[in-house]
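Engineer: Got a predicted structure here, sequence first:
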Amino acid sequence: MTMTQTLKKPAAPDERVVKRNPLQKLLGRPEVGALVGAIVLFVFFASVSQTFIQPNALATVLYGSSTIGIMAVGVSLLMIGGEFDLSTGVAVISSALTASMFSWYFSMNVWVGVALALVVSVGIGYINGWILMKTKLPSFIVTLATFLMLTGLNLGLTRMIGGGVSSPSISTMDGYASAQAVFSSSVNIGGVDVKNTVFIWIVLVAVASWVLLRTKVGNWIFAVGGDANAARAVGVPVKATKIGLFMAVGFCGWILGMHNLFAFDAVQSGEGVGNEFLYIIAAVIGGCLLTGGYGSAVGGAIGAFIFGMANKGIVYAQWNPDWFKFFLGLMLLLATIVNLIVKRRADASK
Amino acid sequence: MNAKQIDQQQLLKDEKDPLTHTPVHLLSLENVGKHYGNIVALTDVTMAVDNGRVTCVLGDNGAGKSTLIKIIAGLHQHDEGVLHIMGEERKFGSPRDALDAGIATVYQDLAVVPLMPIWRNFFLGSELTSGFGPFKSMDVQKMKDITKKELADMGIDLRDVEQPIGQLSGGERQCVAIARAVYFGAKVLILDEPTAALGVKQSGVVLRYILQARDRGLGVIFITHNPHHAFPVGDRFLLLKRGKSIGYYDKKDITLDELTAQMAGGAELAELAHELEQLGGHGDIVKEVQAEVAGTASAGAPAQLRT
């Protein structure tokens, strides 16, 4: 048996397929621009600041990246699916407020509030997606409306129920300790405290990558973003896929919202505005096309890591943090140009 | 212009209704109509599709060709008449329903997702999976192998099934879509103007695949506005004009010239030809120009003008 197997000739390779070297293969990946950017940025900060490469500092950078990266996972998938969501920043806070206010007002175990927050977060995603599919309006308009409404609801309901701009402290309530252990704790690795959001982030990226590349749902996500009409015509459930993506974004928002809540014990109702752009920027830097149909979950993660490095690196280099936005803008511009070249090449003979 | 119209019963091939043993068509439309609000898009269209036969639907822009295929493909529902599949009355709620009934459509413009690799496009909507429950994943290697093999069977020798389908030529993309439909067990294959955007050579390639699909026993509906493409491959021809059927012919009863004439509306075409002849030969404008040219330049100019 082994003899025949070893004797069997391998299928003759097609002579027209020139064996691509690994570098060329890598250049064809969506996240390559981000990867190069991340390496350049890392080397740069490592050379200007001694503290930047200390394990403690790296753990802080990773933590900062994870708070963006968790959302960037959902947002990347959504952008590959051809839509984007402006309500994510405040939806995270809505989720945290729901959990804290509900358990505080009814004096219940915080886990009840956490469960309700999950329903609310995924529900917001569902409503976003459903309105979008029903009205066929651009997602920019629909989610901008949700963004404004949620901003108002966060402020209004918090004042109405709690009587302030921040949710009341829930640190003494039942279940707080266990919820904090799940959503905001640290793991000691070799003397360095690493926040557990880093691990949640890595798991989410791994799951999202698997779904995207190895399941039929992933195939559908690429298809609805690439050409929704073509996808529908071959029998892909376009509406369900897109609504599902919005719900996935809601789920990521729930995880981050719970972390925000249990990292302290209260949430400011006016927070979160503007963060939606950070998630979108992370996804775009990571190689997701704004027009949909192309990108990767790993790319979004690298985008978030770039964000974390620039954010903390400037502090470690003891510069004025004013420079941060400049870096972010430059990265965004460079990444989009790389993406544009990639898309042109893919469409080359169209 | 006296070509004999088709009698429905004559065209029945060997298919029988499994219960009553009476002959049935693979797919048939009887007096089907569709209106969008107060706009009548299609009225009283009757046609049949059988195994191993190519039914051509011809018509100019706005004749109702698209509406007709959208009804058969499940994108729209008809308001009048009946649609039979193997003798059973059906009305499709979605493209998925039509696909499940064995009707596959290859659209001219939206056949594929350009940025996705060929193998992902090939299996889009009908992915092969292995594993159980939430851990079901796609069988990527098998899908790639099948794609390569199926396309090779259709005579398309691909370099790499991993390349984005947008990099293929228009004709190749049509062929991938046809191969996909054949592989997924389509009984009826609808081709929506597959040759409209293609050059002469590419059109020839696509027409050959139509014949291949026919020889594999599929019932093919070939929609086109070009009688020169329809006539060589078609077995019967349905002519549409302004949402109505203006003729339904078997190939033996009609010639290419008659078909072309019918499509353009007989008398209208004759008139147009006459007009063109006048313009080309002795039209007033030509005369005027000729006179002008003769007055200023050499005598060779009018001859050049005419060419």
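Structural biologist: Thanks, I have it.
Engineer: make it CA atoms for all contacts and neighbour counts henceforth
Structural biologist: Noted.
Engineer: got a list of what B:Val226 touches?
Structural biologist: Val isn't right for residue B:226; it's Asn. B:Leu58 (C-alpha atoms under 8 Å, 6 or more residues apart in numbering or on different chains).
Engineer: ok, it to B:Asp79 distance?
Structural biologist: 29 Å (C-alpha to C-alpha, to the nearest Å).
Engineer: Could you do A:Ala96 as well?
Structural biologist: From A:Ala96 to B:Asp79 the distance is 51 Å (C-alpha to C-alpha).
Engineer: Compare neighbour counts for the two and give me the winner.
Structural biologist: Taking neighbours as other C-alpha atoms under 10 Å in any protein chain shown, A:Ala96 and B:Asp79 compare with A:Ala96 leading, 32 against 15.
Engineer: Does the more buried one touch A:Ala263 like I think?
Structural biologist: No. In this structure, A:Ala96 is not within contact of A:Ala263 by C-alpha atoms under 8 Å, at 11.0 Å.
Engineer: In the sheet, which residues pair with B:Tyr249? Tell me.
Structural biologist: For B:Tyr249, the beta-bridge assignment (DSSP bridges) gives partners B:Gln5, B:Phe237.
Engineer: isn't it right up against B:Gly234?
Structural biologist: No. Between B:Tyr249 and B:Gly234 there is no contact under C-alpha under 8 Å: 10.3 Å.
Engineer: what does the longest helix belonging to chain B contact?
Structural biologist: For chain B, the helix with the greatest residue count under DSSP state H is helix B:200-215. Applying C-alpha under 8 Å, 6+ apart, the contact partners of helix B:200-215 are B:51-54, B:154, B:170-171, B:174-175, B:178, B:182, B:194-195, B:220, B:229, B:233.
Engineer: if you set the cut-off to 6 Å instead, what comes out?
Structural biologist: When contacts are defined by C-alpha atoms under 6 Å, 6 or more residues apart in numbering or on different chains, helix B:200-215 is touched by residues B:Gly52, B:Gly171, B:Thr195.
Engineer: Format those residues as a markdown table; extra columns: secondary structure, neighbour count and distance to A:Arg214.
Structural biologist: Below are those laid out as a markdown table (DSSP: H, G, I helix; E, B strand; the rest coil; neighbours: other C-alpha atoms under 10 Å in any protein chain shown; distance: C-alpha to C-alpha, whole Å):
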| residue | secondary structure | neighbour count | distance to A:Arg214 |
| --- | --- | --- | --- |
| B:Gly52 | coil | 20 | 37 |
| B:Gly171 | helix | 21 | 29 |
| B:Thr195 | coil | 25 | 35 |
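Engineer: closest to chain A among these?
Structural biologist: Chain A lies nearest to B:Gly171 out of the contacts of helix B:200-215, by C-alpha to the nearest C-alpha, at 11.5 Å.
Engineer: Could you pull up the contacting residues of that closest one?
Structural biologist: B:Gly171 makes contact with B:Gln202, according to C-alpha under 6 Å, 6+ apart.
Engineer: Off-centre distance for the helix or strand hosting A:Gly329?
Structural biologist: Assigned by DSSP states H and E, A:Gly329 belongs to helix A:323-346. Chain-centre distance of helix A:323-346: 18 Å, with C-alpha atoms, centre = their mean, to the nearest Å.
Engineer: What residues does chain B have near chain A?
Structural biologist: Residues of chain B lying near chain A by C-alpha under 6 Å from any C-alpha of the partner chain: B:Arg96, B:Leu110, B:Ala111, B:Val112, B:Val113, B:Gly125, B:Glu127, B:Ser137, B:Met138, B:Gly166, B:Gln167.
Engineer: Out of those, which is nearest to A:Phe305?
Structural biologist: Relative to A:Phe305, the closest of these is B:Ser137; by C-alpha to C-alpha it sits at 28.5 Å.
Engineer: give me the number of residues near the closest one?
Structural biologist: The tally of other residues near B:Ser137 (other C-alpha under 10 Å) stands at 21.
Engineer: Next, count neighbours for the residue lying closest to it once chain neighbours are set aside.
Structural biologist: Leaving aside its chain neighbours, B:Ser137 sits nearest to A:Thr215 (4.6 Å; criterion: C-alpha to C-alpha, 6 or more residues apart in numbering or on different chains). A:Thr215 has 22 neighbouring residues, counting by other C-alpha under 10 Å.
Engineer: same deal with B:Asp145?
Structural biologist: Residues within reach of B:Asp145, counting by other C-alpha under 10 Å, total 12.
Engineer: now A:Thr146
Structural biologist: With other C-alpha under 10 Å as criterion, A:Thr146 counts 21.
Engineer: do A:Asp322 as well
Structural biologist: Quick note: A:Asp322 (other C-alpha under 10 Å) scores 9 neighbours.
Engineer: Quick check: the gap between it and A:Val217.
Structural biologist: Look at A:Asp322 and A:Val217: by C-alpha to C-alpha, they are 42 Å apart.
Engineer: repeat for A:Ile161
Structural biologist: 41 Å.
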